[in-house]
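Trainee: Pasting a predicted model and its sequence here:
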Amino acid sequence: MGAVVPFRSAALTRSDARRLALFVKTVGKDLRESEIDEALEWCEVYGANPFTKDIYFFVFDANDANKRRVVPVLGIGLYRKIAARSGNYRPDDRPPRFTYDEAAISQANPKGLVDCEVTVYQYMHGAWHAVASRLKWEERAPIKSGGTTWEKTGEFYPAGHAKAGKPRYRKVTDPSNPDVLDPDKRNWHTMGETMMAKCTEADAIRKGWPNETAGSYVPEEMDALHTIDLTATEIIETHEKTERLSKLGDGPGVMVQWGPADALERVPVGKFGDRVLDWIGAHMIKGSEEPAAVMEWHARNREALREYWAHDKAGALAVKAKLENVAAFAAQVMAAE
């Protein structure tokens with residue numbers, strides 16, 4: 001049996017002169033010299049192979065030197081690879097779940113697809129936990145907005161108002177110019193479920209593995225960005241804002257499971273102590289004491305609490321004191337029984 005090839009050997013790197021030359025002539029032929037360097041950086045960061053469609057490079061405002069920008073876009077296959085490299089990922093064991101509503105059928109939603117749900121699984125604290133995402137059709141589909149018009153509401157401005165006695169109007173969709181699904185995005189017309197499933201799976205993987213994927217897109221999500229006519233600068237700003245927020249919210253953070261059937265949630269260290277104290281307080285309201293539920297939560301999240309201690313000893317001590325109070329109360333309840 002031959003040697004196992006490391007996963008990153010397929011990634012395009014600066015040291016691979018032969019494939020780099022091929023990239024410049026084929027997949028990256030629309031990129032300029034400085035953009036080739038940027039593309040290589042992204043390939044190395046993500047361990048991506050552009051020849052197998054792991055990653056794409058979208059060029060915006062190609063003919064405007066002042067606005068021209070390149071945006072890296074990850075294929076859904078690369079999202080799965082990135083999660084798999086962590087060693088704590090497994091894919092959904094069910095097909096994507098879709099909700100339909102005949103009342104939602106329109107030119108902007110030919111099948112009346114309401115939403116899509118996809119779940120992936122992450123191994124933490126000795127068990128597999130669900131990381132689910134549910135996205136609505138209008139959140140990802142490339143919908144072109146139609147026209148609007150004004151209609152009377154049947155109400156009038158009250159006395160004392162600058163427009164007293166005059167009828168009120170409200171803005172409504174112009175029935176002669178409704179929203180439509182972008183006719184240039186044929187895949188959304190012919191296989192809308194597949195497109196939604198990819199977007200939703202990518203969103204779930206971003207939730208479970210934020211540090212590796214924060215601020216990235218899959219091509220199907222870019223369809224909607226194109227349709228609403230975001231400029232390259234606006235897309236980059238959105239990307240950078242997402243990255244800033246992800247850094248604030250995800251690192252450092254602690255993975256916690258609130259209820260026994262709940263998915264894991266990553267809580268920023270700066271908010272973890274308050275969230276825990278609030279959760280305990282909500283379960284110890286006078287008249288509805290649930291010390292057993294809190295003790296069960298404590299046992300289930302021991303590793304998370306140890307991790308929190310490493311980040312914030314003062315906060316961890318406050319949580320520890322609260323849990324000790326709950327344990328003492330539970331002992332009193334048991335003694336009384």
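Mentor: That came through, no problem. Keep in mind that this is a model prediction, so the values were computed, not measured. Numbering: from 1, shown residues only.
Trainee: Give me the neighbour count for residue 67.
Mentor: Other residues near residue 67 come to 12 when the count uses other CB atoms under 10 Å. All C-beta spots, glycine's among them, are computed from the backbone N, C-alpha and C.
Trainee: Got phi/psi on it?
Mentor: For residue 67, the backbone dihedrals are phi -110, psi -20 (criterion: degrees, to the nearest 10).
Trainee: I figured it hits residue 61, correct?
Mentor: Yes - using CB atoms under 8 Å, residue 67 makes contact with residue 61 at a distance of 3.7 Å.
Trainee: Quick one: the strands in this protein, in order.
Mentor: Secondary structure of the chain by DSSP state E: the strands cover 55-60, 69-74, 89-90, 97-100, 113-124, 127-136, 143-144, 148-156, 167-173, 180-181, 253-256, 265-268.
Trainee: count of neighbours near residue 181?
Mentor: 21.
Trainee: my guess is it meets residue 143, correct?
Mentor: Yes - using CB under 8 Å, residue 181 is in contact with residue 143, at 6.1 Å.
Trainee: Give the residues shared as contacts by those two.
Mentor: Between them, residue 181 and residue 143 have residue 108 as joint contacts when contacts are counted by CB atoms under 8 Å, 6 or more residues apart in numbering.
Trainee: How about the contacts made by the residue lying closest to residue 196 once chain neighbours are set aside?
Mentor: Leaving out its chain neighbours, the residue that sits closest to residue 196 by CB to CB, 6 or more residues apart in numbering is residue 116, at 4.2 Å. Residues in contact with residue 116 (CB under 8 Å, 6+ apart) are 96, 97, 98, 99, 134, 135, 137, 193, 196, 197, 199, 200.
Trainee: buried subset of those?
Mentor: Taking 16 or more other CB atoms under 10 Å as the criterion, what is buried in the contacts of residue 116 is 96, 98, 134, 135, 137, 196, 197, 199, 200.
Trainee: surely the last one meets residue 118?
Mentor: Yes - counting by CB under 8 Å, residue 200 sits close enough to residue 118 to count as a contact (4.3 Å).
Trainee: what touches both of these two?
Mentor: 96, 133.
Trainee: Just name the closest of the buried ones among the contacts of residue 116 to residue 272, please.
Mentor: Of all these, residue 134 has the smallest distance to residue 272: 25.1 Å, by CB to CB.
Trainee: Okay, and the beta partners of that closest one?
Mentor: residue 117 (DSSP bridges).
Trainee: That one and residue 117 touch, don't they?
Mentor: Yes - the pair residue 134 and residue 117 qualifies as a contact (CB under 8 Å) at a distance of 4.3 Å.
Trainee: hey, what's in contact with both of the two?
Mentor: Residues touching both residue 134 and residue 117 by CB under 8 Å, 6+ apart: residue 200.
Trainee: Which parts of the protein are helices?
Mentor: All helices of the chain, identified by DSSP state H, fall at 17-25, 33-46, 76-85, 137-140, 186-190, 192-208, 210-213, 219-227, 232-250, 269-282, 291-300, 302-311, 313-336.
Trainee: List the buried residues in the fifth one.
Mentor: Which is helix 186-190. residue 188.
Trainee: remind me which residues of the protein are low pLDDT?
Mentor: 1-9, 146-149, 171-176, 214-215, 224-251, 285-289, 333-337 (pLDDT under 70).
Trainee: Pull up the gap between the residue nearest in space to the middle of it and residue 40, please.
Mentor: Geometric centre of the chain, nearest residue: residue 203, 3.6 Å, by CA atoms, centre = their mean. Here the criterion is CB to CB, to the nearest Å. By it, residue 203 lies 27 Å from residue 40.
Trainee: if we can go back for a sec, need the contacts of residue 116 in JSON lines (columns: distance to residue 332).
Mentor: Formatted as JSON lines, the contacts of residue 116 follow (distance: CB to CB, whole Å):
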{"residue": "96", "distance to residue 332": "49"}
{"residue": "97", "distance to residue 332": "46"}
{"residue": "98", "distance to residue 332": "51"}
{"residue": "99", "distance to residue 332": "47"}
{"residue": "134", "distance to residue 332": "42"}
{"residue": "135", "distance to residue 332": "47"}
{"residue": "137", "distance to residue 332": "53"}
{"residue": "193", "distance to residue 332": "55"}
{"residue": "196", "distance to residue 332": "53"}
{"residue": "197", "distance to residue 332": "52"}
{"residue": "199", "distance to residue 332": "52"}
{"residue": "200", "distance to residue 332": "48"}
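Trainee: and which of these is nearest residue 311?
Mentor: Nearest to residue 311 among the contacts of residue 116: residue 134, at 30.6 Å, using CB to CB.
Trainee: Return the residues in contact with that closest one.
Mentor: With contacts defined as CB under 8 Å, 6+ apart, residue 134 is in contact with 115, 116, 117, 200.
Trainee: how many neighbours does the closest residue to residue 111 other than its chain neighbours have?
Mentor: Closest residue in space to residue 111, ignoring its immediate chain neighbours: residue 192 at 6.0 Å, by CB to CB, 6+ apart. Neighbour count of residue 192, defined by other CB under 10 Å: 21.
Trainee: Please apply the same query to residue 123.
Mentor: The number of residues packed near residue 123 is 14, by other CB under 10 Å.
Trainee: Hmm, it is touching residue 88, no?
Mentor: Yes - with contact defined as CB under 8 Å, residue 123 counts as touching residue 88 (4.0 Å).
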